[in-house]
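[1] Predicted coordinates and the sequence they were generated for:
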Amino acid sequence: MFKKEWKQVKNLIERIEARLDDWGAKLEKKNIEYPVDLICGILFLVIGIVLLLIMPQQVQISEKDVVNGRAFPTMLIWLMLAMSALLVGREAYNMVMHRPTKTKTLNLLVETKALVIVLILVVTYLLAEVTDLFVVGAVFCALAFLVFFRCKKPLCYAITVSMAVLIWVVFHFVLNVSF
């Protein structure tokens, strides 16, 4: 009975891996090329404007002070805005004059893998926070990374989960450290 179920699970895993390999082959061929300086200039212009808009709520000042807590951050933000505008202007000029611009190429497969890793870490944090048990997040993280890197040895899963639980038990019950 157990062998039949294990064979079904292995078959399911093989089908999922075949589909992932197919998606990976398609994503590996796709690249996105973008002008780095133009995108960064626009991004920092937006960040600077947002910072200027939220600063009055975040940094309280006294009207009687000549130099207050907003003076230095405001000067830095204006400097950032000026340099970002210069960067955007230079890149726009280069594009209009058909001069080469500095570009960066992103491979979608690499970026998708990075997003999956970030997603695993976010879900790990959320599980630990919601359940109020670090061990739940740690076990999920360990298992998710083993699955992500396609580890096929059941012993690796057993060792990783048992070590995560053992470390949590030692910290929680022996050392009285709760995290």
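    The structure has been received and is ready for your questions.
[2] what about the helix or strand where Asp22 lies, average pLDDT?
    Using DSSP states H and E, Asp22 maps to helix 2-29. Summarised as a single mean, pLDDT over helix 2-29 is 82.
[3] what residue lies at the spatial centre of this protein?
    Nearest to the geometric centre of the chain sits Val118, at 4.1 Å (CA atoms, centre = their mean).
[4] How about the host helix or strand of that one, which residues are buried there?
    Assigning secondary structure by DSSP H and E places Val118 in helix 108-131. Neighbour counts over helix 108-131 (16 or more other CB atoms under 10 Å) mark 109, 120, 124, 127-128 as buried. C-betas here are computed from N, CA, C, even on glycine.
[5] contacts for that helix?
    24, 27-28, 30-32, 134, 136-138, 140-141, 144-145, 148 (CB atoms under 8 Å, 6 or more residues apart in numbering).
[6] Can you name the element that comes right after it?
    helix 134-148.
[7] got the contact list for the helix or strand following that next one?
    Next in sequence after helix 134-148, counting helices and strands by DSSP H and E, comes helix 154-169. Helix 154-169 is contacted from outside by 134-135, 138-139, 142-143, 146, 151, using CB under 8 Å, 6+ apart.
[8] can you check stretch 70-81 too?
    44-45, 47-49, 51-52, 55-56, 59, 61.
[9] Output the below-cut-off pLDDT ranges for this protein.
    Applying pLDDT under 70 to the chain flags the ranges 1-2, 65, 179.
[10] can you list the domain ranges for it.
    Using automatic domain parsing, the domains assigned to the chain come out as 32-101, 108-179.
[11] CSV for those, including distance to Leu12?
    Below are these laid out as CSV (distance: least, CB to CB, whole Å):
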stretch, distance to Leu12
domain 32-101, 33
domain 108-179, 13
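[12] gap between Glu129 and Val136?
    10 Å (CB to CB, to the nearest Å).
[13] Narrow the contacts of stretch 70-81 to just the buried residues.
    Buried residues within those, defined by neighbour count using 16+ other CB under 10 Å: 44-45, 48, 51.
[14] of all those residues, which two lie farthest apart?
    Leu45 and Leu51 (10.9 Å; CB to CB).
[15] Write the PyMOL selection for whichever of the contacts of helix 154-169 are buried.
    Of the contacts of helix 154-169, the buried ones can be selected in PyMOL as follows, counting by 16+ other CB under 10 Å:
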select buried, resi 134+135+138+139+142+143+146
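[16] Now distance to Thr103 too, for the contacts of helix 154-169, in JSON lines please.
    Below are the contacts of helix 154-169 laid out as JSON lines (distance: CB to CB, whole Å):
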{"residue": "Phe134", "distance to Thr103": "43"}
{"residue": "Val135", "distance to Thr103": "46"}
{"residue": "Ala138", "distance to Thr103": "41"}
{"residue": "Val139", "distance to Thr103": "42"}
{"residue": "Ala142", "distance to Thr103": "39"}
{"residue": "Leu143", "distance to Thr103": "39"}
{"residue": "Leu146", "distance to Thr103": "37"}
{"residue": "Cys151", "distance to Thr103": "37"}
